[in-house]
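# just coords:
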């Protein structure tokens, strides 16, 4: 069995093996710029971990896994245009480094490349793999649209938020695991169970991310703490806090979330105090635990040897451990 | 055998049968707005004509044909952003009616929908169909990139131009026919021949379009004559003319193509005179005849009953007849 770190290396090696800038360079350059700019390769690793649950030869999932990574990078490329993001992983985004047209078109080409790699899997399972992949891909677009909608509407409910992150983040993790399981030889019922587990892991993962952005350790988190607060992002923390706040607390939140023109430390400190007073940190930790625990229960059910599950279990437990 | 007109009706009926605006509406509305806004349904009709060459039941190609139409509309949607086009088929383009973000994201979703419909074909031929479709899709992006590049470079050769229109227009017509042939039961060698024929039809089609935009009959063409000249578009006519022009003629062309600030009639008249003096109209007609003739020769070779070929022959001859 391969560890997550070994699977990450496998993916990075595969990306370098496939790397080629074709003509016209203007199209292919931004694709590889995006794809080769690191990242944790989380989604393709999930494809490989899904495969590893049922089969020893993870290499046969390598190209479809790469397809998933390409799809994910395509969504980042287009999302960065929509979100007017300037930087991504310490490099200028494609629409900033080149221009919006290049970002639209090379994103489109990356999406098509992802289809090519996904379609490289075995003929017998291709219809099932495509059905998972295409459904998931469409849901990711739906999630992004809801996320864009949320910027313009004042009141977002917790249920609406959870539905959005499920579509935008969790389903791709779930779909990655399911595709890996199908390639590994799982029957469709167990592959569907693996999807369910991935859905739970994805929810825990996104809520953990929301938590760490505000309450994380600045040394280990890797990004500046409080970024979501400064950008007035409607995260689980804010939505839950506004739901539970008394009039005074809601007034403080609405005051600080009405503009980006505040002293950063004052704004982060004031918002975090309201969150703390309302136990939002504890509530979020509980939510992450809830989803992680669900995922572990499903993992337990899957009828394969224990050592096949080790890495998935480690990943899921780590989601909880990092926010303890 | 069904006529082109009957096949167009079949496609329009299928679009209406599939029409449903899901949630979030912000995502699905622009997709159907684009898709239901008429057009000649040329590419899906080619899928059906490719199928009809080898099989009586064209209905089994209906959903993949719709997938091709969706893919084509996705490219229009994104191209309209890149080209800053305000109108498409007498309606405001998506990025004008809504905004650029909606146009990017609903275009992405339309591309994914197209994959879903393409993947609905028979399991046995799915790998071959996807291989044609994905390769073609990537080439269409390459063609669009070359087209964008051409706006920024002074000298484009005839060979470069022909390569661009092959990628941007011809391969999708060719791929549509090949996918239809595969669904109709053609073996891979004949399906590849059908692709070759489609490539020739596509080249003739685009060159005819270039011709009609400048030399067409304003009553039957449907668009204003001279639009390409007014927009300083590098068409076959201009590129060939600049290649053949003497210094004086080239100076006239370069003068008028340097800006959009000219009296329309004066500009169109002056450019057309240079084209006429250089026999560009005749040269373009010859090119259309060349490609159409090649297509008809390949059609002749295909070993199926004559009546299966009638509509394709009619379409191809019509390309020549309209510019005689």
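Cool, the structure landed. All values derive from a computational prediction rather than experimental measurement.

# For residue B:43, see how far away residue A:73 is.
Distance of residue A:73 to residue B:43, given as C-beta to C-beta, to the nearest Å: 28 Å. To be clear about C-beta, it is placed using only N, CA and C from the backbone, and glycine gets the same treatment.

# nope, residue A:266 is what I was after
For residue A:266 relative to residue B:43 (C-beta to C-beta), the value is 58 Å.

# Counting neighbours, go ahead and name the busier of the two.
When neighbours are counted by other C-beta atoms under 10 Å in any protein chain shown, residue A:266 and residue B:43 differ, and residue B:43 comes out ahead with 22 against 10.

# Against which helices or strands is the helix or strand where that one lies packed?
Counting by DSSP states H and E, the element that carries residue B:43 is helix B:42-52. The contact analysis (3 or more C-beta pairs under 8 Å, 6 or more residues apart in numbering or on different chains; DSSP states H and E) places helix B:42-52 against helix B:4-18, helix B:62-82, helix B:171-184, helix B:188-215, helix B:310-321.

# let's go with 7 Å and repeat that
On a contact count with 3 or more C-beta pairs under 7 Å, 6 or more residues apart in numbering or on different chains; DSSP states H and E, helix B:42-52 meets helix B:4-18, helix B:62-82, helix B:171-184.

# and the stretch 51-200 of chain A, which residues reach chain B?
A:78, A:81-82, A:101, A:104-105, A:108-109, A:111-113, A:115-116, A:119, A:123, A:126-127, A:130, A:134, A:137-138, A:141-142, A:144-146, A:148-149 (C-beta under 7 Å from any C-beta of the partner chain).

# quick one: which of the residues you listed sit in helices?
A:78, A:81-82, A:101, A:104-105, A:108-109, A:111-113, A:115-116, A:126-127, A:130, A:134, A:137-138, A:141-142, A:144-146, A:148-149 (DSSP state H).

# What subset of those is buried?
In these, burial by neighbour count holds for A:78, A:81-82, A:101, A:104-105, A:108-109, A:111-113, A:115-116, A:126, A:130, A:134, A:137-138, A:141-142, A:144-146, A:148-149, counting by 16 or more other C-beta atoms under 10 Å in any protein chain shown.

# what ranges of the stretch 201-324 of chain A fall below the confidence cut-off?
Scanning the stretch 201-324 of chain A for pLDDT under 70 picks out A:324.

# Break down it into its strands, ranges please.
Counting by DSSP state E, counting those that start in this stretch, one finds no strands in the stretch 201-324 of chain A.

# ranges for the helices of it?
A:218-221, A:227-230, A:236-244, A:247-256, A:264-277, A:280-301, A:310-321 (DSSP state H, counting those that start in this stretch).

# Residue A:264 contacts residue A:231, doesn't it?
No - in terms of C-beta atoms under 7 Å, residue A:264 does not count as a neighbour of residue A:231; the distance is 11.0 Å.

# what sits against the closest residue in space to residue A:53 that isn't next to it in sequence?
Nearest non-adjacent residue to residue A:53, counting by C-beta to C-beta, 6 or more residues apart in numbering or on different chains: residue A:308, 5.1 Å away. The contact partners of residue A:308, by C-beta atoms under 7 Å, 6 or more residues apart in numbering or on different chains, come to A:1, A:52, A:53.

# give the contact list for the first one.
Spelled out, that is residue A:1. Per C-beta under 7 Å, 6+ apart, neighbours of residue A:1: A:52, A:307, A:308, A:310, A:311.

# Reformat those residues into CSV and put distance to residue B:222 next to each item.
Supplementary listing: the contacts of residue A:1 in CSV, determined by distance: C-beta to C-beta, whole Å:
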residue, distance to residue B:222
A:52, 58
A:307, 68
A:308, 63
A:310, 66
A:311, 61
